[in-house]
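Peer 1: I'll drop the sequence and a predicted model, then ask my questions.
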Amino acid sequence: MAVPESVARHARKLRETLEYHSYLYYALDRPEISDAEYDRLFRELQELEAKYPALVTPGSPTQRVGSAPLKEFATVAHQVPMLSLNNAFEEEDVRGFDRRVREGLEAEDVAYAVEPKFDGLAVSLVYRDGALSQGATRGDGYTGEEVTANLRTVKAIPLRLAAAHAPELLEVRGEVLMLKKDFEALNREQREKGEKEFVNPRNAAAGSLRQLDPRITATRRLAFFAYGVGVARGEGLPRDTHSGLMDYLEKLRLPVSRERQVVRGVKGLLEYYRDIQARREKLPYDIDGVVYKVNDFAAQEQLGFVSRAPRFAVAHKFPAEEATTVLEDIEVSVGRTGALTPVARLRPVFVGGVTVTNATLHNEDEIRRKDIMIGDTVIVRRAGDVIPEVVAVVKEHRPKHARHFVMPAKCPVCGSAAARSEDEAVARCTGGLYCPAQRKQALLHFASRRAMDIEGLGDKLVDQLVDNQVVTTPADIYRLDVDTLADLERMGEKSAQNLVAAIESSKEATLARFIYALGIRNVGEATAKDLARHFGTLDALMEADASSLEEVRDVGPVVAKSIARFFAERHNREVIRDLRARGVRWAEDKAARRARQGAFAGKTFVLTGTLSAMTRDEAKDRIEALGGKVTGSVSKKTDYVVAGADPGSKYDKARELGVTILDEEQFANMLSG
């Protein structure tokens with residue numbers, strides 16, 4: 001049916017009016033019409049489009065109702081990573097940030113763009129020739145979930161940019177959130193329907209956006225605020241300042257914060273922070289701090305990035321929310337690495353948007369420092385998604401029956417001895433090969449490439465083997481057969497055969513690799529090699545006391561005690577005995593102790609250049625056989641540098657430090673005694 005021109009004009013006018021009032025409501029929090037009037041205009045447009053289907057366009061407000069449910073979200077790789085910001089919590093942190101910026105720019109005063117830090121879900125919106133083509137969550141910063149269908153239902157997000165000549169490509173970054181009044185309305189509806197209420201606006205927004213059924217997302221009133229741009233291509237985009245970019249996005253009818261400003265220096269930053277903090281409760285949305293960005297883009301580029309965060313920006317967080325409750329008991333949890341952590345069992349208390357029943361106490365020293373006793377009234381803090389913690393005791397409320405906490409001497413999970421190193425604040429279970437709490441971590445380390453190198457034994461398979469109680473210690477790996485493995489999820493017979501072959505192959509190890517595979521605390525590859533070279537046999541190592549272990553190069557008191565404790569634990573010895581019984585073997589050097597008395601005992605060598613009489617590996621073996629050690633870099637601790645043909649920078653470094661340099665003939669003479 002042909003569409004009369006007057007009807008087409010009226011439909012365009014309705015679409016423009018609806019988009020305008022959505023912008024007023026969600027972006028400016030300044031509605032000019034009632035919800036009922038908005039709904040009337042919306043129905044009028046729906047009726048026109050139903051009568052004249054040719055009027056329907058992808059950018060029409062009526063198309064925000066959502067499409068059919070998705071089976072799962074596809075992934076999207078961000079062309080430019082969506083990096084997180086470093087945090088500042090105290091004024092001194094902000095002063096340090098400003099100082100580093102000024103030093104990096106060699107400037108006395110810097111202009112900053114400042115804005116609230118929204119407490120929502122970060123997303124990326126891609127517009128091509130002005131039309132919304134793709135939307136994704138931040139994810140891990142590099143890859144997110146494609147939620148285009150859901151984002152199209154969010155009325156705050158324009159489906160088409162309000163510009164005659166929109167950029168060819170514009171990736172807008174911002175935050176999806178739920179306004180406080182819409183959150184309260186949603187929970188009223190949930191109560192009336194007898195359904196579970198949402199804890200806070202952030203959870204409600206995140207849960208709404210990540211619905212597999214976009215029609216559910218369409219029923220939720222979500223807001224959006226832009227805070228930056230990722231990829232852009234085309235004319236018209238301001239490329240001088242962040243504040244100019246935000247003004248440009250606002251002209252495109254993209255919602256941006258009305259609270260944004262440009263300030264100068266640390267004084268301006270702190271004044272803005274205090275102002276927003278004072279008005280926090282009156283804002284229409286939840287925020288958990290403010291964001292400071294160097295305003296000038298050229299200066300941003302000059303400052304660059306450190307790790308996964310920009311040097312030119314920081315998030316100044318508000319103080320964490322706190323509440324008071326009773327600490328009813330203290331229990332001890334055991335982590336994947338054997339760390340024993342005291343956990344407070346609390347009388348339930350609502351703090352930071354959730355009901356908290358547990359909180360970390362970190363370690364025994366922290367409990368003593370804060371003078372925490374079981375039965376105390378305590379202050380609990382929860383900041384964002386951070387694990388709740390007990391920060392202080394209300395001592396005037398301490399009851400007479402309050403009692404001290406004592407860290408157990410044995411692991412509460414496996415009964416092995418618990419020990420604490422001098423250089424650590426935490427106690428650890430010493431039953432690393434046996435303890436169920438450490439089981440998955442111990443197995444993954446044992447099978448890793450630089451340990452026993454069992455190809456195919458990865459995270460998901462270890463999860464299955466442990467969860468199904470097929471494997472409890474590393475020795476059980478060598479009991480696996482094809483039939484057992486083939487019955488596991490995603491494990492066909494061919495994969496099972498390959499894994500069994502890899503397990504069989506791993507039985508032929510070296511002593512150094514086996515020592516490393518045991519996962520002894522503080523024992524890495526280099527130390528494992530030193531231990532194997534020093535003792536020659538596993539039995540000699542297992543029987544060594546702490547003082548004997550300290551004779552090994554680079555093994556100090558802390559590492560020596562860690563090794564001694566590991567082998568003193570009966571459970572670990574049982575697993576090692578079981579491994580040997582299952583056929584795990586290695587060549588042993590019973591003459592290793594004699595090598596420690598060799599000509600190179602205690603000497604450190606560095607090899608550089610090309611040797612004509614032997615390879616570097618052969619030279620290294622000869623040095624180590626005489627008790628010496630080979631390292632890769634020259635330092636003041638280096639005893640000799642062996643220089644072959646065309647030596648590199650190590651030769652120059654040795655001359656600079658005055659290290660003895662041996663040519664190949666001198667080196668050969670030393671080897672021959």
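Peer 2: Received it, and whenever you're ready, just let me know what you need.
Peer 1: How about residues contacting the helix or strand where F97 lies?
Peer 2: Assigned by DSSP states H and E, F97 belongs to helix 91-105. Here helix 91-105 makes contact (CB atoms under 8 Å, 6 or more residues apart in numbering) with 87-88, 108-110, 265-266, 269-270, 273, 292, 294, 299, 302-303, 311-312, 314, 316. No exception for glycine: its C-beta is placed from N, CA and C like everyone else's.
Peer 1: do that again at 7 Å, thanks
Peer 2: 88, 108, 110, 265-266, 269-270, 294, 299, 302-303, 311-312, 314, 316 (CB atoms under 7 Å, 6 or more residues apart in numbering).
Peer 1: If any of those are buried, give me the ChimeraX selection for them.
Peer 2: Entered in ChimeraX, the line below selects the buried ones among the contacts of helix 91-105, by 16 or more other CB atoms under 10 Å:
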select :88,110,266,269,270,294,299,303,311,312,314,316
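Peer 1: which of the contacts of helix 91-105 lies closest to I216?
Peer 2: H316 (35.3 Å; CB to CB).
Peer 1: show me the contacts for the nearest residue to the closest one once chain neighbours are set aside.
Peer 2: Distances taken as CB to CB, 6 or more residues apart in numbering put A88 closest to H316, at 4.6 Å, once the chain neighbours are dropped. Contact analysis of A88 by CB under 7 Å, 6+ apart lists V94, F97, V314, A315, H316.
Peer 1: Please report phi then psi for A88.
Peer 2: phi -120, psi 140 (degrees, to the nearest 10).
Peer 1: Equivalent analysis for V558, please.
Peer 2: The phi/psi pair for V558 (degrees, to the nearest 10) reads phi -70, psi -50.
Peer 1: Give me the pLDDT value at it.
Peer 2: Note on V558: pLDDT of 87.
Peer 1: Over to the one 10 residues further on?
Peer 2: A568 carries a pLDDT value of 93.
Peer 1: How about the one 10 residues further on?
Peer 2: Reading off the confidence values, D578 has pLDDT 96.
Peer 1: In a strand, it, correct?
Peer 2: No - inclusion of D578 in a strand is not indicated when DSSP: H, G, I helix; E, B strand; the rest coil is applied; the result is helix.
Peer 1: ok, it touching A475?
Peer 2: Yes - in this structure D578 lies within contact range of A475 using CB atoms under 7 Å: 3.6 Å.
Peer 1: Comparing those two, which residue is more hemmed in?
Peer 2: The residue with more neighbours, out of D578 and A475, is A475; 20 against 17, by other CB atoms under 10 Å.
Peer 1: how far away is that one from R450?
Peer 2: Applying CB to CB, to the nearest Å, the value for A475 to R450 is 20 Å.
Peer 1: Same check on A359?
Peer 2: 38 Å.
Peer 1: Looking at the two, which has the bigger crowd around it?
Peer 2: A359 (23 against 12).
Peer 1: Check which helices and strands the helix or strand that that one is a member of sits against.
Peer 2: According to DSSP H and E, A359 maps onto strand 354-360. Secondary-structure packing of strand 354-360 (3 or more CB pairs under 7 Å, 6 or more residues apart in numbering; DSSP states H and E): strand 339-351, strand 377-382, strand 389-393.
Peer 1: and D371, how many neighbours does it have?
Peer 2: Neighbour tally, D371, other CB under 10 Å: 12.
Peer 1: To clarify, my last question referred to A613.
Peer 2: Neighbour tally, A613, other CB under 10 Å: 12.
Peer 1: Kindly report the same for I454.
Peer 2: Quick note: I454 (other CB under 10 Å) scores 22 neighbours.
Peer 1: ditto for M452
Peer 2: 24.
Peer 1: Excluding chain neighbours, what is closest to it?
Peer 2: In space, and not counting its chain neighbours, M452 is closest to S506: 4.4 Å by CB to CB, 6+ apart.
Peer 1: isn't that neighbour right next to A451, touching?
Peer 2: No - in this structure, S506 is not within contact of A451 by CB under 7 Å, at 9.0 Å.
Peer 1: where do the contact lists of these two overlap?
Peer 2: Common contacts of S506 and A451, defined by CB under 7 Å, 6+ apart, are absent altogether.
Peer 1: isn't L671 right next to R622, touching?
Peer 2: Yes - the pair L671 / R622 is scored as a contact, 5.6 Å apart, by CB under 7 Å.
Peer 1: remind me, longest helix of the chain?
Peer 2: Ordering each helix of the chain by length in residues (DSSP state H) puts helix 5-26 first.
Peer 1: number of nearby residues for A164?
Peer 2: Neighbourhood size, A164 [other CB under 10 Å]: 7.
Peer 1: any idea what it is structurally, helix, strand or coil?
Peer 2: coil.
Peer 1: which ones are touching R160?
Peer 2: The contact partners of R160, by CB under 7 Å, 6+ apart, come to G59, G130, A131.
Peer 1: same thing but 10 Å
Peer 2: Neighbouring residues of R160 by CB atoms under 10 Å, 6 or more residues apart in numbering: 15, 19, 57-60, 127, 129-132, 166, 252-253.
Peer 1: shared neighbours, L671 and R622?
Peer 2: F600, M614.
Peer 1: Point to the residue nearest the middle of the chain.
Peer 2: D140 (8.0 Å; CA atoms, centre = their mean).
Peer 1: wait, that one sits on P81?
Peer 2: Yes - under the criterion of CB atoms under 10 Å, D140 makes contact with P81 at 9.2 Å.
Peer 1: tell me, what's touching those two both at once?
Peer 2: R308.
Peer 1: okay, and the common contacts of D578 and A475?
Peer 2: L433, V584.
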